[in-house]
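Asker: generate a structure from the sequence data that follows.
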Amino acid sequence: MADRIRQALFVLFLLSLGAYGYGAFTSSLLDRGLAGKRAYLMTVSRMPEMDIAEVRRQAEAYWDRYPNVANNWHFGRNGELGIYGARTHYLRHGRYEGRVWPE
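Answerer: Now for the predicted structure:
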């Protein structure tokens, strides 16, 4: 009886270890792509409701004015935040650096 309990506990331990490993390797901590998607969703959820065409126009104008931001892997044209990258950059960094947001 004690051997069966030991075996059941060992199997339970292995299953728990497998679940932990799966969770660790599919989390945004280790997967940069997933981290980018999570950052995008967090950014979009905090933005006020706006016309997508207007958001895109403002983002393009901001990127045209600041090419270093446009080429950034996180805030840029091909960045993880998409068209919301420009506004996010401005709100987090740009306004403190004296950059101008297009109206």
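
Asker: please count neighbours and contacts with C-alpha atoms only from this point.
Answerer: Noted.

Asker: any idea which helix or strand comes after the host helix or strand of G33?
Answerer: Using DSSP states H and E, the element containing G33 is helix 32-46. Next helix or strand after helix 32-46 toward the C-terminus (DSSP H and E): helix 52-65.

Asker: and that following helix, what does it pack against?
Answerer: helix 67-70, helix 85-92 (3 or more Cα pairs under 8 Å, 6 or more residues apart in numbering; DSSP states H and E).

Asker: that older thread, and the helix holding G33, C-alpha only, in PDB?
Answerer: C-alpha atoms of helix 32-46 as PDB (Å, rounded to 0.1, in the frame of the first residue of the first chain):
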ATOM      1  CA  ARG A  32       9.100  38.000 -26.500                       C
ATOM      2  CA  GLY A  33       6.400  37.700 -29.100                       C
ATOM      3  CA  LEU A  34       3.800  37.000 -26.500                       C
ATOM      4  CA  ALA A  35       5.200  39.900 -24.400                       C
ATOM      5  CA  GLY A  36       4.600  42.100 -27.400                       C
ATOM      6  CA  LYS A  37       1.100  41.000 -27.900                       C
ATOM      7  CA  ARG A  38       0.400  41.500 -24.200                       C
ATOM      8  CA  ALA A  39       1.900  45.000 -24.300                       C
ATOM      9  CA  TYR A  40      -0.200  45.800 -27.300                       C
ATOM     10  CA  LEU A  41      -3.400  44.700 -25.700                       C
ATOM     11  CA  MET A  42      -2.600  46.600 -22.500                       C
ATOM     12  CA  THR A  43      -1.900  49.700 -24.500                       C
ATOM     13  CA  VAL A  44      -5.100  49.500 -26.600                       C
ATOM     14  CA  SER A  45      -7.200  48.800 -23.500                       C
ATOM     15  CA  ARG A  46      -6.000  52.100 -21.900                       C
END
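
Asker: ok so, going back, L17 is nearest to which of the helices and strands packed on helix 52-65?
Answerer: For those, the distance to L17 is smallest for helix 85-92, at 37.7 Å, taking Cα to Cα.
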